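Novice: Fold the following and give me the result.
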Amino acid sequence: MKGWRSRLRTLSAQMVLSSIALVLLMAAAAGLPAVWLIREQLDRHAWAQVEQGRLAAQALYSVQQSELAGLATLTAQRPTLRKLLVRGDQDALSAYLDTLREGSGLDLVLVCDAGQRIAHAGESIVLDYCADSLPSGYHVVAAGPVSQAWHFAAQALAGETGDPQGTVVVGLALDDEFAGQMGSQTGLEHALLVDGKPVATSLAARQTLAPAAVGDGRQSTYALAGQPYYAARFSLGGAGPEAEVALDVSEIAMTQRRLGFTLAGSILVVAVVASLLGIYLARRIGRPLDRLAGAAGAISQGDLDSPLVVETRVREIALLAQALESARADLKRSWAELRQEKAWTDHLLEAIVEGIVTLDRRGRVTFFSRGAERITGWQRDEVVGHSCDRVFQPAETDEPFSELIPVPGRRRRILVELRDGRQVTLAVTGAQLLPPERGDARVVLVFRDVSAEEAVHRLLGHFLANVAHEFRTPLSSLAASVELLLDQAPDLQAAELEELLTSLHLGVLGLQTLIDNLLESASIEAGHFRVHPRPSSLGDIIAEALRTMQPLLDKYEQRLVVELPAALPMVQADPRRTAQVLVNLLSNASKYGPDDAEIEIGAVVLGDWVRVSVSDSGPGVSAEYRKDLFRRFVHPSRGNDLAQVGVGLGLSVVKAVVEAQGGQVGVDDRQGGGSLFWFTLPLASPQKSMGLAVDLCW
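Specialist: Numbering: from 1, shown residues only. Next up is the predicted model:
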C-alpha cells in the first residue's frame, strides 16, 4: 500500500494522472458539445434535403400541369375528333378517345357539351364533371367509402366556324403508382393527403397507419413501422389534395447514435483520437452538404446546365445528391421540351399565310406574325408596342380601327389603307385570349386580304349584267322577226322576207359567237382547253371566217378589204379554233368601227411564222389600256368614246387559242386611225408553200 502511494506521488504519475484528468476533462468539454453539434447539423441538413425534395416535387407538379394542359389543347384541336362529334358516331368516338388516352398516357378523356357527357374513355369516376363544370387543376373525387385524387385539364372545343362546340377534359389519376413515380424522381417518399389522411402513397405501411404528426402542418416528423421520417407538406391549390415528401432518417438517427458511442468510447480510450475523428467527420459531412445547398440554390435561380458532382462516402448525402441531380436532369429535359414546343408553335404561326396580331387591353400590338408583315408591309419591330390604330387606318370612315374590331367569334370586312398607300379589304376575325399567368385579357385578330375576292364579285356582277344584255338584244330581235313572219309572211315581199331572214341569221350568229366564247372561256378556266394543230391552209381558214361574218358586214354596209400574198404557206394550226379567232377579231372590228367603213385583213410571212392582221377605222385603244385588253371581262373601247358592250370574253379566247398554238397576239395603232389586231401562226414547213385554195373576192 505504501509502495503504491509512493508511486502515485511521483512526478511522472502525477503528470500522467494530471494529463489523463486534463485529457478526460478536455475530451468531455469538447466531446459532449461536439456530439450535440453533429446531431443538430445532421438534423439541419436532413431538413434541407426534405426542403429540396419539396421544391423538386413542386417543380414536377408544375411541369405536369403544363404538359396536361398541352395534351388537352392538342386533343381539342384534332380534326378527327371534331368530325366524329359532328357525325355523332358514339362507337367510333369512344374508340378514338380510347386510342388518344392510351397514346398520351392519360387515365381519362372526357368530351362534354352543354353540361352533358358526350363520350369518355378510361377510368369512370363518380363525379360528373360535365354537370359540375369544375375548373382545371387538382381535385378530390369521392369513390365510395374512399377518396381519389385527380389532376384535370379542360379545353374548349371549337367547331369549323370557330364557335364553341363543347369541352374536352383530360385527367390523370394520382394513385399509388403516381406517388411511386414522384418518389423515384425526387428521391424521397411521396404521399397525397386529404384531410390529413393518405389517398395515395409510395409507403406501403402508410396505407393502414395514419401516424400522429408532430409539427406545424408544413413540416412534421413521424414513425412508421419503427422507422422515423422527416416530412414536409404543400398544397396543390384550391380544394385539391395536399402533397407530402418524406425522408427516411433512420440511417441518420443510427449514424447519430453510432457517433455518440464512438465519441464516448474515444473519451475513455483516447480523447485525442476521438477529437480528431469528430473534426474529421464534421468536415466530411459538412462540405458535401454545403455543396448540395449551393447546387440547390443555383437550380432555384434557373441554372440547369451545371451538373451536380459531390464526392462523399456518406450514403444519405450521396442519395440526396443523386436525387437532386435527377431532379435537375428532369427539369432540364422538361424545360427543353417546353422550349421545343414553343419553337414549334412559333414556327407554325410564322408559316400561316393569314395575318395574326395580338393586342393588349389598351389596343397596343404585342405580337405581329410574318403573315401580317406580308399583308400590311409593316415590320414587327416597327409596330410592337404601338397602337393598332397606327398600323390599320380605315379608308371609308373616320372611326379608329380599334372601334371596328368585331366581337369574338365574328368576322368583319374592313377597307384599310396600307403603309404604301394601297387600299385593301381585310376580312378580320376577333377572339379573346386570357393567359393563365396574366390578369389582363388580350385580343387576337386573324385577318387576310380579300381584295381580289371583292374585285371578282364586282366583276362577276358586271359580267352577268352584260351576258343578260347580250342575250336579250338578239333574242328580242329574233322574237320580233319571228312574230312578224308569223303574222305577215303571206303579205311580205321577197326583199322584206330576205331582210327578216338576214336579221334572224345575224341574231343566231351573234348568239352562236357568244355561246362559243362562253364555252371556250369556261373550258380555259376549268383547265380542259385543248387545241389540235395540224398542217392547214390559211386561205381556207380565212375564207371560213369571212363566210361567217359576211352577213354582219353587209348589214352595216362595211367593206372588207383582203390583202394576201399570191402564195400562202401551210400553217400548223387548229382550223376551227383559228377561224374562231378571226371571227372574234372581225366581230370587234365591225362592232367598234363606223358604218360604211372598211375593215382590212392581211397576212405576211415573217421567217417561220405568218403574221395575220385585222384592222378597223374605230376609235382605237389607248396605250395604258392595252396591257389588260386580252384579259377576261375587259372591253376594247375607250370608255368615253363608246359605251362598253359585250361580255369581254372574245379577246381572252383569242389570246388563249393563239398562245396554245405557239403564237403571239397584240394590238397596234392603225395608220390613219383605228386599231390593228394581229396574231402569228407557225409554218407547217418553211420550204413548202401553196397557192390560195379558194377565191377571196368580196
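
Novice: Tell me the gap between the host helix or strand of residue 252 and the middle of its chain.
Specialist: In this assignment (DSSP states H and E), residue 252 forms part of helix 250-269. Counting by Cα atoms, centre = their mean, to the nearest Å, helix 250-269 is centred 65 Å from the centre of its parent chain.

Novice: And the average pLDDT for that helix is what?
Specialist: For helix 250-269, mean pLDDT is 75.

Novice: For the stretch 301-450 of the chain, give me the ranges with low pLDDT.
Specialist: By pLDDT under 70, the weakly predicted segments of the stretch 301-450 of the chain are 314, 349-351, 433-441.

Novice: how about the strands in it?
Specialist: Here the stretch 301-450 of the chain has its strands, by DSSP state E, counting those that start in this stretch, at 355-359, 365-368, 393-394, 411-417, 423-433, 442-449.

Novice: how about TSV for the ones you listed, with mean neighbour count and distance to residue 248 added?
Specialist: Backbone N, C-alpha and C define where each C-beta goes, glycine included. Shown next, in TSV, are the strands of the stretch 301-450 of the chain (neighbours: other Cβ atoms under 10 Å; distance: least, Cβ to Cβ, whole Å):
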stretch	mean neighbour count	distance to residue 248
strand 355-359	20	50
strand 365-368	19	50
strand 393-394	15	69
strand 411-417	16	62
strand 423-433	17	47
strand 442-449	20	48
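
Novice: Relative to residue 165, which of these is closest?
Specialist: Residue 165 lies closest to strand 423-433 among the strands of the stretch 301-450 of the chain, at 14.8 Å (Cβ to Cβ).

Novice: Touching, residue 317 and residue 291? I think so.
Specialist: No - between residue 317 and residue 291 there is no contact under Cβ atoms under 8 Å: 9.3 Å.

Novice: who's more crowded, those two?
Specialist: Using other Cβ atoms under 10 Å as the criterion, residue 317 and residue 291 rank with residue 317 on top: 22 against 17.

Novice: tally of neighbours for residue 242?
Specialist: Neighbour number of residue 242 under other Cβ under 10 Å is 19.

Novice: got it, and residue 72?
Specialist: 25.

Novice: Let's verify it: helix, strand, or coil?
Specialist: Of the three states, residue 72 takes helix under DSSP: H, G, I helix; E, B strand; the rest coil.

Novice: distance of it from residue 544?
Specialist: 71 Å (Cβ to Cβ, to the nearest Å).

Novice: just to revisit the earlier point, can you list residues touching both of residue 317 and residue 291?
Specialist: Contact criterion Cβ atoms under 8 Å, 6 or more residues apart in numbering; residues shared by residue 317 and residue 291: residue 310.

Novice: Please list all residues in contact with residue 578.
Specialist: Residues in contact with residue 578 (Cβ under 8 Å, 6+ apart) are 536, 541, 571, 657, 661, 681.

Novice: ok, back up a step: what's the closest of the strands of the stretch 301-450 of the chain to residue 668?
Specialist: strand 423-433 (34.2 Å).

Novice: quick check: angle from the closest one to strand 355-359?
Specialist: 50 degrees (axes from the mean of the first three to the mean of the last three Cα atoms, to 10 degrees).

Novice: May I have strand 423-433 exported as CSV, CA atoms only?
Specialist: C-alpha atoms of strand 423-433 as CSV (Å, rounded to 0.1, in the frame of the first residue of the first chain):
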residue,chain,number,x,y,z
GLN,A,423,-56.3,50.3,-100.1
VAL,A,424,-57.2,46.6,-99.4
THR,A,425,-60.1,44.9,-97.9
LEU,A,426,-59.3,42.8,-94.9
ALA,A,427,-61.5,40.0,-93.5
VAL,A,428,-60.9,40.3,-89.8
THR,A,429,-61.9,37.8,-87.1
GLY,A,430,-61.6,38.6,-83.5
ALA,A,431,-61.1,36.4,-80.4
GLN,A,432,-60.3,37.0,-76.7
LEU,A,433,-57.3,35.4,-75.0
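
Novice: about what we covered before: among the contacts of residue 578, which one has the most neighbours?
Specialist: Counting by other Cβ under 10 Å, top hit in these: residue 571 with 27 neighbours.

Novice: Might one say that that residue is in contact with residue 539?
Specialist: No - counting by Cβ under 8 Å, residue 571 does not reach residue 539; the two are 10.0 Å apart.

Novice: Doesn't residue 292 belong to a helix?
Specialist: Yes - looking at residue 292 with three-state DSSP, it is inside a helix.

Novice: residues contacting it?
Specialist: Applying Cβ under 8 Å, 6+ apart, the residues near residue 292 are 45, 48, 49, 52, 308, 310, 317, 320, 321, 324.

Novice: Could you rerun that using 10 Å?
Specialist: Applying Cβ atoms under 10 Å, 6 or more residues apart in numbering, we find residue 292 in contact with 45, 48-49, 52, 308, 310, 312, 317, 320-321, 323-325.
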